[in-house]
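Could you work out the structure for the sequence below:
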Amino acid sequence: MNVTPTLKTLPSEVMILIMRSISSPIDLQSAINASPVIFQHYLAHRSFIMAPTIHRIKTSYSAMEFGNHLTQITRTLPYRLLGRPMVAREADGVLVYVMSLHDRPCYTNWETHLPLICELYRQRGEADHLMTEYSMEAWNGSLLYAQELRLELDPASEWHPDFDRPLVLSERETYGLERGFLLYESWRLDMYSGGWNDSNGLSAFKDYASWRILARPWASFGTGIRVPLRDSRYLKSILAFVFDKFRSFVHLVSQQCWKDPSKPPTMSCSENNQASEFLHRTEDQDLRFILSLCLRGYAVLQNLRQMTKEELPSYVLSSYLEFANHDAWLCSSPESEEKGRVDRRLSSRLKIRFGDLGDLRDPLTRGYYFWDESRKSAIFGLGSWYTA
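Numbering: from 1, shown residues only. The predicted structure follows:
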C-alpha cells in the first residue's frame, strides 16, 4: 500500500512527532529510506527528531564514570560500521600515516549521523545480550564454587535461601559488565588500527592477532591507554567468556568433521580439502584461530548460534582457510623467523590465560571481578584471608 499521498497531507508537526516517537533508530532509518516525504522532514528537523533517541542511548549505560563509557563507545564505531579502519601504509619504503577513521569529525560528532546512531543502538543490544548471558553463567558458577568450598570447609553448613533468588545486579556490577563489554569492543578495534611501534616493525600492521597483543601488557592492551587493574580484569573476563564460546563452536565442527574426515556431510570437494587442513591444525594454530574469531565480535557469536548444521561447518572452515592463508603468507615473509617466535609466545600466553576456562577455580569463569564485595562476602563468608 502506497502511503505517500497520505503522509503528504499530514501537518509537519504531526510528522515530526511520529518520527520522534519511533523508539528504534533502525526502524526510523527504514521509514526514511521508504518515504521521500519522511526523508525531507528528517533533513529539515534532524536534531529535534533525534534528540529522544540520542538521550536514550546515552542514558542506557550506567551513569558511573560515564565519560569513560562514552570514550569507549565512540572508539568502537569505525570498526563496527566500516570494517578495518585505515592504518599506516608503506609507500616507497616510508610509512605514510593516514588519519584513523575514529579521528574523523563524523565519529566525534556522531549525534548528527543516523547510521552511527543505528550502530550504537545495535551495540547496546549486543551489550544487553552479553551481559545477561555472562552474568547468569558466572553467577551460577559462583554459587557452585561457593557450595563446593563450604562443603569442604564445613559439611554441616546450610545453603542460604537468598542464593536461590533471581540475580539483581547492583549499579557497580552493571557498570563493570558494561565496561568489560566496551573494552572488549575497543580491543577489537585496536587490533586493526594500532599505531606504529618501533619495537615491533612492519609486522605490527600485518599480523594483528600476534603482534598487537604482545605490543602491550595484558593490563592495558586494546584500550589505547593504560587502564587500572580493575578495568583490565573486566576486559579479561569478557574476552575469556567470548573466547570459550567460540572455542566450543570450533571444536564442535572438529568433532563433526572427524566422524568422516574423508567426506564431511554437505561439503563439496574443495571444502573437503579445507576440512583436512582444519583437522590437522596444531594446538597453537587452534588457539590463535579462535582468537581471530574473537576479533569479529559478540554479534558473530550470536549469528553462529542461529546457523544450521550445514552453515556452521562451512563458516568455520572458510574462516580457518582465511586464517591459514594469512598465516602462510606471513611465514613466507622475510620476518618469518621472528613471527614464529612471537606466535609461540602468544600461544603460550593464551594457554596460560584461557587454558582452564570452565574450571570454577578460575576467577574469570565465575565472574569474580564483577561482583560487589558485599555479594562476595555473602556468598563465601570466608573472611579476609580468602583471595580469588
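
hey, let's count contacts and neighbours off CA atoms from now on
Noted.

Find the nearest non-adjacent residue to F323, please.
With C-alpha to C-alpha, 6 or more residues apart in numbering as the criterion, F323 has its nearest non-adjacent residue at 6.6 Å, and that residue is F289.

measure that neighbour to G297 for me?
14 Å (C-alpha to C-alpha, to the nearest Å).

So these two - more neighbours on which side?
Neighbour count, other C-alpha atoms under 10 Å: between F289 and G297, F289 has more, with 24 against 17.

Go ahead and list the helix or strand containing the more buried one.
Following DSSP states H and E, the helix or strand that holds F289 is helix 283-294.

residues making contact with that helix?
188, 209-210, 239, 242-243, 246-247, 250, 320, 323, 343-344, 346-347, 350-351 (C-alpha atoms under 8 Å, 6 or more residues apart in numbering).

now the helices: where do they sit in the stretch 51-200 of the chain?
66-82, 105-108, 114-153, 171-193 (DSSP state H, counting those that start in this stretch).

Next, count neighbours for L293.
By other C-alpha under 10 Å, the residues close to L293 number 22.

sorry, back to before: and the helix holding F289, average pLDDT?
Mean pLDDT, computed over helix 283-294, is 87.

how far off helix 171-193 does that helix point, in degrees?
Between helix 283-294 and helix 171-193, the angle comes out at 110 degrees (axes from the mean of the first three to the mean of the last three C-alpha atoms, to 10 degrees).

got the buried residues for helix 283-294?
284-294 (16 or more other C-alpha atoms under 10 Å).

how much space between the residue nearest to F323 and H251?
Distance from F289 to H251, counting by C-alpha to C-alpha: 12 Å.

For the residue lying closest to D372 once chain neighbours are set aside, which residues are in contact?
Using C-alpha to C-alpha, 6+ apart and skipping the chain neighbours, the partner closest in space to D372 is E173 (6.5 Å). Applying C-alpha under 8 Å, 6+ apart to E173 gives the contacts 370-372.

okay if I get these as CSV plus distance to E65?
Listed next are those as CSV, based on distance: C-alpha to C-alpha, whole Å:
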residue, distance to E65
F370, 16
W371, 18
D372, 17
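
And those residues, which of them are buried?
When the contacts of E173 are checked for burial by 16+ other C-alpha under 10 Å, the buried set is 370-372.
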